[in-house]
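J.: Sequence and predicted structure below; questions after.
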Amino acid sequence: MNVQTLKRPLRPVRRMLRPVWRRFRTRAQLGYARAALAVHPPAPTDGIRALTRHEFTVMAAGFPYYNGRWPYMSAALSEATSLITRHGLRTALEIGAPVRPVIVGADVMDIKARPELDPSIAIMIHDATRAPWPVADKAYDLFIALQVFEHLRDRQPEAFLEVRRVARHAIISLPIDWEMPDPRNCHHRISNERALSWFAPISPTRVIEGNGGTHRRLIYVFEDLPTPTSP
């Protein structure tokens with residue numbers, strides 16, 4: 001008896017079983033992640049570090065926003081770990097972290113205080129489309145924004161100038177070539193060329209494939225960002 005034969009009798013009740021299976025799977029993942037964290041807790045640090053897979057799984061189990069995001073986030077976190085290690089980075093600023101920053105020890109800047117945000121996280125309430133940001137020059141070693149810049153209306157170039165001013169290194173991920181039903185959707189048809197125009201005249205140190213498919217994401221990594229010159 002093959003798998004398809006076994007599946008056939010379950011087809012009429014598939015819709016009813018699917019939510020049960022999802023809850024079971026989420027609880028199993030959460031239980032595994034919590035057990036793994038108890039046995040192998042992350043090493044303490046007095047600086048910054050990337051979120052671990054187990055920490056991410058615990059967070060995703062409570063907040064569906066993170067479901068399916070590990071592939072591109074893990075690629076970004078790998079780049080962050082490389083920068084932290086090679087450059088001895090100790091401070092970070094992340095914008096648009098719904099629950100907690102993916103860089104442990106980072107500060108958060110957001111347009112509003114979200115109720116899901118961990119209350120122990122330092123947060124600045126500020127609209128990233130408005131310059132200047134309430135941050136001193138080169139106050140942070142690392143800036144990170146994952147799937148955020150596309151939401152800044154038409155102010156991406158101005159926002160990136162502020163990134164250059166406040167941070168020494170940066171990691172930014174963006175949705176690339178998405179086809180959305182509503183062309184007014186901010187994710188619709190952002191090409192790599194358009195994204196690079198937001199950063200001009202600075203070119204990324206490297207561009208990493210976060211994930212492929214119809215919802216492709218690219219990760220733009222910037223090392224040793226020059227401070228913009230005053231006009």
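T.: Nice, thanks for sending it over.

J.: what about the host helix or strand of residue 84, distance to the chain center?
T.: Per DSSP states H and E, residue 84 falls inside helix 70-87. Offset of helix 70-87 from its chain centre (CA atoms, centre = their mean, to the nearest Å): 11 Å.

J.: hey, C-alpha coordinates of it in CSV?
T.: As requested, the backbone C-alpha atoms of helix 70-87 are provided in CSV (Å, rounded to 0.1, in the frame of the first residue of the first chain):
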residue,chain,number,x,y,z
TRP,A,70,13.7,31.6,8.7
PRO,A,71,15.3,31.0,5.3
TYR,A,72,16.0,34.6,4.5
MET,A,73,16.4,35.6,8.1
SER,A,74,19.0,32.9,8.7
ALA,A,75,20.9,34.2,5.7
ALA,A,76,20.8,37.7,7.1
LEU,A,77,21.8,36.5,10.6
SER,A,78,24.8,34.6,9.1
GLU,A,79,26.0,37.8,7.5
ALA,A,80,25.5,39.6,10.8
THR,A,81,27.5,37.0,12.7
SER,A,82,30.3,37.4,10.2
LEU,A,83,30.3,41.2,10.6
ILE,A,84,30.1,41.0,14.4
THR,A,85,33.0,38.5,14.5
ARG,A,86,35.3,40.2,12.0
HIS,A,87,34.8,43.8,13.1
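
J.: and that helix, average pLDDT?
T.: Averaged across helix 70-87, the pLDDT comes to 97.

J.: Mind jotting down where the strands sit in the protein?
T.: 49-50, 92-95, 103-104, 107-110, 123-125, 140-146, 167-175, 206-211, 217-222 (DSSP state E).

J.: and residue 67, which of the ones you listed is closest to it?
T.: Distance to residue 67, taken as CB to CB, is lowest for strand 206-211 among the strands of the chain, at 13.6 Å. (Glycine included, C-beta is placed from N, CA and C.)

J.: which outside residues touch that closest one?
T.: 71-73, 75-76, 79, 173, 192, 216-221 (CB atoms under 8 Å, 6 or more residues apart in numbering).

J.: List the contacts of residue 81.
T.: 49-50.

J.: quick one: it and residue 158, what's the gap?
T.: Residue 81 sits 30 Å away from residue 158, going by CB to CB, to the nearest Å.

J.: if we can go back for a sec, identify the farthest-apart pair in the contacts of strand 206-211.
T.: Applying CB to CB across the contacts of strand 206-211, the maximum distance is between 73 and 192, 19.7 Å.

J.: mind putting the strands of the chain in JSON lines, mean neighbour count included?
T.: Shown next, in JSON lines, are the strands of the chain (neighbours: other CB atoms under 10 Å):
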{"stretch": "strand 49-50", "mean neighbour count": "22"}
{"stretch": "strand 92-95", "mean neighbour count": "25"}
{"stretch": "strand 103-104", "mean neighbour count": "22"}
{"stretch": "strand 107-110", "mean neighbour count": "21"}
{"stretch": "strand 123-125", "mean neighbour count": "14"}
{"stretch": "strand 140-146", "mean neighbour count": "24"}
{"stretch": "strand 167-175", "mean neighbour count": "24"}
{"stretch": "strand 206-211", "mean neighbour count": "16"}
{"stretch": "strand 217-222", "mean neighbour count": "23"}
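
J.: Okay then, goodbye and thanks.
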